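Chemist: need coordinates for the following:
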Amino acid sequence: MYAIWLTFSKNDRKYLKNIINNIAKKYNAPKFEPHITVYGLIDLEINVIKKIINKISDNHNVFVTKKIKIQQSNDLWKTIYIELEYGKELKLIYKNLKESFKDPIKYQFNPHLSLIYKILPTKEKIKIINQLDIKNKFKIEEMAILKFFPEIEKWKIIKKYDLK
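Modeler: Residues are numbered from 1 along each chain as shown. Take a look at the predicted model:
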């Protein structure tokens with residue numbers, strides 16, 4: 001299974017990775033690359049996926065997304081996350097992916113950037129959120145194909161594609 005990620009400029013990646021790693025270390029949670037999962041999980045041959053992503057990435061420019069607010073939930077994949085503005089570029093990328101991958105999937109795109117993957121008490125999540133001071137804008141520069149595994153530590157980016 002594969003997922004399609006949007007990844008950040010070098011500076012934003014470093015900034016976000018530092019936040020993710022600090023939270024992961026403090027709460028003994030897995031570390032991971034900062035990303036926005038724009039589409040997943042896809043069960044197709046990797047060459048088919050690569051062709052589709054290559055074509056889509058060629059048609060999209062580098063863009064900036066904005067933070068709406070920091071949220072928490074009981075969903076492991078959204079333990080603590082930054083809710084992002086569902087702007088024009090994100091909508092267009094998601095639409096192109098949805099049209100390109102004809103198989104109906106149950107993935108509902110809700111733009112966000114996860115900061116930790118670990119089941120925690122609500123009180124603890126709120127404490128973490130209250131200690132965070134995160135900037136408001138992030139630059140998206142790449143699309144990536146991720147090989148998905150249930151174990152976060154095994155996730156592997158197969159290929160990255162620069163946006164224009």
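Chemist: and the longest helix for the chain?
Modeler: If you go by DSSP state H, the chain has its longest helix at helix 10-27.
Chemist: and residue 152, what does it touch?
Modeler: 30, 32, 117 (CB atoms under 8 Å, 6 or more residues apart in numbering). The way it works is simple: take the backbone N, C-alpha and C, and place the C-beta from them, glycine included.
Chemist: ok, the spatially most central residue of the chain - contacts?
Modeler: Against the mean C-alpha coordinate of the chain, by CA atoms, centre = their mean, the closest residue is residue 36 at 1.8 Å. If you count contacts by CB under 8 Å, 6+ apart, residue 36 has them with 5-7, 65, 84, 90, 111-113, 140.
Chemist: farthest residue from the center of this protein?
Modeler: residue 123 (24.7 Å).
Chemist: can you check the pLDDT for that residue?
Modeler: The model reports residue 123 with a pLDDT of 97.
Chemist: which other helices and strands does the helix or strand where it lies contact?
Modeler: Counting by DSSP states H and E, the element that carries residue 123 is helix 122-131. Under the contact criterion of 3 or more CB pairs under 8 Å, 6 or more residues apart in numbering; DSSP states H and E, helix 122-131 touches strand 63-72, strand 80-84.
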